[in-house]
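*Asks:* give me coordinates for this.
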Amino acid sequence: MNRNADAVILGGGIIGAAIAHALAKEGRRVVLLEKGAVGRQASWAAAGLLTPIHVAAYPAPLASLCSDSERLYEAWVRDLAAPEVEYRPGGALIPLFDDRDERDAAALEAWRRERGRPVERLDAAAARVVEPMLAPEIHGALVLPDVAQVRNHRLTRALAEAARRLGADVRTESEAIGFLRVPGRVNGVKTARGDLFATETVVAAGAWSGDLLAAVDLNLPVRPVRGQMVLLRGPAGALSKAIISHDSYLIPRADGRILVGSTVEEAGFDVTTTADGVGFLLAQAKRLAPGVGKFAVETTWAGLRPATPDRLPYLGRSPGAEGLIIATGHYRNGILLAPVTARIVADLVARREPSLDLGPFRPGR
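*Replies:* Numbers count the residues shown, from 1 in each chain. Here you go, the predicted model:
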């Protein structure tokens, strides 16, 4: 089947779905291709916490990109009009156990105050008034009252459905098997259902993007980094805020469930959960809030984050082929960076100057 499109997007995770929605809102003819089901890879496995865990230590361009996207989020979700997404600005708390925690908290507190972001330091007694389940060993805590969360898998589906209602052609179980090319240009993709011609081809395939782009002789070092998760079932209100400590976190949902994350593992494309991984997560959960040890384990899962060597995503036009835009490598910030990434790609497709400097995120850097 032949069809011309303004843009074909490869990848039906939150980045691809957000781009499809943004382009469809501007009246573009959009086709979204997903080789499986929408949002069933990293976007489904994520925690949905809308803050970088180590933002004060991020490279400056990445910290700015995250901040820009965080500012967009509430209005972006409101415009989507999908209450099942459960955008909740409930805040986050960072417990302080030792000198390392104190140093990290001081850096984050300074970073936030310099940018006019709310932050509050509590002593141990006050922290346990806010979160009674916190470990008794804590020295204090840092509270980030403006941190929000979403149900990420629901958000991804809502974006794809909203794009479809606006006229986008969302194709699941539909894989790109090659690119349509002329010298110096990509003109779309080949699929099992036929060639799909497009003015712009957007690669937003997460950890699989590197393999796709090798077909156009672009070496994009995106690798999968496995993150295992555990879902606990507790009473509603057991925790009021997300609890973050280094790479570990507890994220309460409105229904009482608590997400426990996350491992950081070099395991290739293996998405199995392991006894070691689950055991580590449960030990971390009990370290932060010992009472969760009595909660039932409802399920476990794993996802593959798309990591880059310098932690910065790839955003921009391909250096070797016209008609090819790349939006991948968001690592642990894919959910957070979805609205700003969609805006950037919409600007590129419309030949508008993006509102921020894409130099640090240039593919092929």
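
*Asks:* can you pull out the helices in this protein?
*Replies:* Taking DSSP state H, the helices of the chain run over residues 14-25, 42-45, 60-80, 99-114, 124-130, 152-165, 209-213, 275-288, 334-349.

*Asks:* worst average pLDDT in those helices?
*Replies:* Between the helices of the chain, the lowest average pLDDT goes to helix 42-45, which shows a mean of 89.

*Asks:* contacts for that helix, please.
*Replies:* With contacts defined as Cβ atoms under 8 Å, 6 or more residues apart in numbering, helix 42-45 is touched by 13-15, 17, 152-153, 156, 206-207, 227, 229, 271, 301-306, 334-335. For every residue, glycine as well, the C-beta is placed using N, CA and C.

*Asks:* among the residues you listed, which ones are buried?
*Replies:* By neighbour count, with 16 or more other Cβ atoms under 10 Å, the contacts of helix 42-45 hold 13-15, 17, 152-153, 156, 206-207, 227, 229, 271, 302-306, 334-335 as buried.

*Asks:* just the CA trace of the least confident helix or strand in the chain by mean pLDDT, in CSV.
*Replies:* Least confident helix or strand of the chain, by mean pLDDT, DSSP states H and E, is helix 42-45 with a mean of 89. Output of helix 42-45 as CSV, limited to C-alpha atoms (Å, rounded to 0.1, in the frame of the first residue of the first chain):
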residue,chain,number,x,y,z
ALA,A,42,10.1,1.5,28.4
SER,A,43,7.1,3.8,28.5
TRP,A,44,5.0,1.1,30.2
ALA,A,45,7.8,0.0,32.5
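
*Asks:* report the distance from it to the chain centre.
*Replies:* Its chain's C-alpha centre and that of helix 42-45 lie 8 Å apart, by Cα atoms, centre = their mean, to the nearest Å.

*Asks:* could you count how many residues lie near R113?
*Replies:* A total of 11 residues lie near R113 under the criterion other Cβ atoms under 10 Å.

*Asks:* er, P52 actually
*Replies:* For P52, using other Cβ under 10 Å, the count is 19.

*Asks:* okay but it is in contact with Y58, surely?
*Replies:* Yes: under the criterion of Cβ atoms under 8 Å, P52 makes contact with Y58 at 6.1 Å.
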